[in-house]
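Asker: Just a sequence and a predicted model for now, questions to come.
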Amino acid sequence: MNKKRVGVITFHNYDNYGAILQSYALQKKLRELGTYPEIMDYRCDYISNPFRLINLKKKGPFNYIYGAIGHICYIPRRRKCNRFRKHMRYSQPVTAGKMQAVAGKYDIYISGSDQVWDYKLTNFDKTYFLDFVKKGKKKCSYAASIGEHIPPESYRGEYEALLKDFDEILVREDYGADIVEELTGKRPEVVCDPTLLLTAEEWDKLLVEPKIKEKYILVYQLGINKELVDFTRRLHEKTGYRIVYIPFPLVGLLKCSCKIAIGPAEWMGLFKNAEYVVSDSFHGVVYSLLFNRKFFAMVNGHHMNRRVEQLLKLVNLSDRTIDDVSYEGLTEDIDFTYANEQLAKFRQSSLEHLKRLVEE
């Protein structure tokens with residue numbers, strides 16, 4: 001019996017840990033479901049080339065400079081990120097407007113996960129809406145996110161037409177489901193990010209253990225926010241633990257060990273062995289939960305994180321935010337019993353949705 005061929009389009013080629021790991025996780029589970037999955041090696045020109053002057057007007061000066069700095073910061077980790085990508089299977093490289101090589105190649109097309117439908121992040125790249133797929137092929141999404149930006153009225157008509165052309169839509173956040181329902185008249189199911197489809201034990205087989213012997217506080221910072229740096233300093237003063245920073249403090253001075261050139265395997269190892277995690281990243285919180293690490297999340301500032309708030313609400317740990325903790329409560333333990341139960345249930349229901357998506 002021939003296996004169904006599944007083509008996935010997502011953010012896979014950017015040297016961002018969450019993007020790479022969610023790509024791996026979805027492909028792994030699709031393979032376990034008996035399909036033959038490939039990640040379409042598509043590169044969004046708007047994201048891949050943040051230095052182009054045409055992007056300055058679209059992004060604005062702050063986001064243009066911030067994106068360029070982020071792009072430079074990713075360069076040292078590229079070799080190890082590419083090493084991790086050897087775990088995955090890819091199609092031939094394709095670009096916008098030249099998708100013929102993959103337009104009819106697969107039985108099922110899946111868009112997601114990650115913020116593939118965020119018009120600001122991709123400059124409304126319709127390729128992520130599978131607009132290139134030949135008629136008669138099944139078009140779906142898994143844990144696709146519209147991001148933090150609600151589409152403006154000028155885009156609503158196109159969003160509606162593109163989404164109504166899908167056979168099945170599964171989204172990552174409740175507020176994304178609200179928007180899709182408003183546009184299409186049908187409410188999609190909410191499923192977990194692909195990284196949560198794997199258990200800690202499954203991820204443990206891929207990670208690299210750090211060579212740090214003393215206890216440490218791990219900080220994973222994506223957005224520019226001095227408050228996160230100041231909070232880490234207070235936690236260090238309270239515990240006396242060493243600070244390990246990925247990649248380095250953004251807006252602030254702090255004595256720490258910076259990890260700029262690590263790959264996804266080393267990144268996961270640092271999370272698994274940390275005494276504390278401080279992060280403004282969604283995937284930073286995900287791996288803190290998976291490995292049951294004491295953590296503090298930032299959900300405000302430049303790097304807004306409604307998806308983190310939703311995840312914390314699910315596991316009843318909404319009090320683990322930087323704004324909510326007192327100095328006395330910095331070192332309190334976390335009981336992960338309920339959180340682990342909820343994540344297990346969410347994982348199982350999401351796997352059932354994914355199985356139905358590829359079997360029907």
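Answerer: Looks like it came in fine.

Asker: got the contact list for the residue lying closest to residue 128 once chain neighbours are set aside?
Answerer: Setting aside the residues directly before and after it, residue 128 is nearest to residue 116 in space (C-beta to C-beta, 6 or more residues apart in numbering), at 4.0 Å. C-beta here means a position set from N, CA and C on the backbone, and glycine is covered the same way. Contact analysis of residue 116 by C-beta atoms under 8 Å, 6 or more residues apart in numbering lists 9-11, 122, 128, 144-145.

Asker: again with residue 22
Answerer: 10, 113-114, 143, 193-195, 283.

Asker: Which one of those residues is nearest to residue 184?
Answerer: Of all the contacts of residue 22, residue 184 sits closest to residue 143, with 17.2 Å by C-beta to C-beta.

Asker: helix, strand or coil for that closest one?
Answerer: Secondary structure, DSSP: H, G, I helix; E, B strand; the rest coil: residue 143 is strand.

Asker: same check, this time on residue 160
Answerer: Using three-state DSSP, the structure places residue 160 in helix.

Asker: So residue 124 is in contact with residue 155, correct?
Answerer: Yes. The pair residue 124 / residue 155 is scored as a contact, 6.3 Å apart, by C-beta atoms under 8 Å.

Asker: Neighbour count for the two, which is higher?
Answerer: Ranked by neighbour count (other C-beta atoms under 10 Å), residue 124 and residue 155 place residue 124 first, with 18 against 13.

Asker: Which members of the contacts of residue 116 are the farthest-apart pair?
Answerer: 9 and 145 (13.6 Å).

Asker: Neighbour count: these two, which is higher?
Answerer: residue 9 (27 against 22).

Asker: Ramachandran angles for that one?
Answerer: Dihedral pair for residue 9: phi -110, psi 130, per degrees, to the nearest 10.

Asker: thought it was touching residue 109?
Answerer: Yes. If you go by C-beta under 8 Å, residue 9 and residue 109 touch, sitting 7.3 Å apart.

Asker: Identify the contacts common to those two.
Answerer: Shared contacts of residue 9 and residue 109 (C-beta under 8 Å, 6+ apart): residue 130.

Asker: Quote the end-to-end distance of stretch 191-201.
Answerer: Distance between the two ends of stretch 191-201: 21 Å, counting by C-alpha to C-alpha, to the nearest Å.

Asker: Would you mind listing the buried residues in that stretch?
Answerer: 191-198, 200 (16 or more other C-beta atoms under 10 Å).

Asker: gap between it and the chain center?
Answerer: In terms of C-alpha atoms, centre = their mean, to the nearest Å, the centre of stretch 191-201 is set 11 Å apart from its chain centre.

Asker: what residues does the lengthiest helix in the chain touch?
Answerer: Ranked by residue count and defined by DSSP state H, the top helix of the chain is helix 337-359. Contact partners of helix 337-359, identified using C-beta under 8 Å, 6+ apart, comprise 4, 6, 29-30, 33, 35, 108, 110, 140, 142-143, 168, 170, 189, 191-192, 196-197, 199, 289-290, 292, 314-317.
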